[in-house]
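In: fold the following for me, if possible:
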Amino acid sequence: MSKTQMPYKLDLQYMNIQSASSLILMDLVNQIMLLSQKLDKALHNIPTVARDYAIAESKYRSLLAETVLRLEAEGRPVTNLQIIARGKKDVARAKMEQVTSEALYKATLEAINVYKLQIKILESQLQREWTNE
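Out: As a prediction, this is how the structure comes out:
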């Protein structure tokens, strides 16, 4: 190889390194954008999930109270009313809906925290890659 061809090959190698680095940066930016979209979606979903949770909690408590009062009016022993009322199918179904909506609410909050953490990790990686160029 002649000396005139050698720098050209080095330039190509440098360009390949630069383009690979650019691809890594673009990949990190794309991942951050995707996670940001997921975070936005979860944040917009919180009011609905929270409302559903509150409604389910309200329904359960109201139904439980009504059932306890009805059982008390029937002359059942007061000491067992809560246990008996919770065993009624409609009260148990309302409790299941309340627990399910609570779990969904908490899972949504946790997803928000996970997305934020993943974004921070990717931003740190992006910063390291950016400063290494």
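
In: please save the CA atoms from stretch 95-109 in CSV.
Out: What follows is stretch 95-109, C-alpha atoms only, in CSV (Å, rounded to 0.1, in the frame of the first residue of the first chain):
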residue,chain,number,x,y,z
LYS,A,95,-64.4,-6.1,47.7
MET,A,96,-62.8,-8.0,44.7
GLU,A,97,-63.4,-5.0,42.5
GLN,A,98,-62.0,-2.7,45.1
VAL,A,99,-58.8,-4.8,45.6
THR,A,100,-58.4,-5.1,41.8
SER,A,101,-58.7,-1.4,41.2
GLU,A,102,-56.3,-0.6,44.1
ALA,A,103,-53.8,-3.0,42.5
LEU,A,104,-54.2,-1.3,39.1
TYR,A,105,-53.7,2.1,40.7
LYS,A,106,-50.6,1.0,42.6
ALA,A,107,-49.2,-0.7,39.5
THR,A,108,-49.7,2.5,37.5
LEU,A,109,-47.9,4.5,40.1
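
In: from the chain's centre, how far out does it sit?
Out: How far stretch 95-109 lies from its chain's middle: 13 Å, per Cα atoms, centre = their mean, to the nearest Å.

In: in that stretch, which residues are buried?
Out: Buried residues in stretch 95-109, counting neighbours by 16 or more other Cβ atoms under 10 Å, are found at Lys95, Glu97, Gln98, Ser101, Glu102, Leu104, Tyr105, Thr108. For glycine as for every other residue, the C-beta is placed from the backbone atoms N, C-alpha and C.

In: what pLDDT is listed against the most centrally placed residue in the chain?
Out: Closest residue to the average C-alpha location of the chain: Ala111 at 1.7 Å, with Cα atoms, centre = their mean. pLDDT for Ala111: 95.

In: helices and strands around the helix or strand that contains it, which ones?
Out: Element membership for Ala111 (DSSP states H and E) is helix 89-132. Packing partners of helix 89-132 (3 or more Cβ pairs under 8 Å, 6 or more residues apart in numbering; DSSP states H and E): helix 5-73, helix 81-87.
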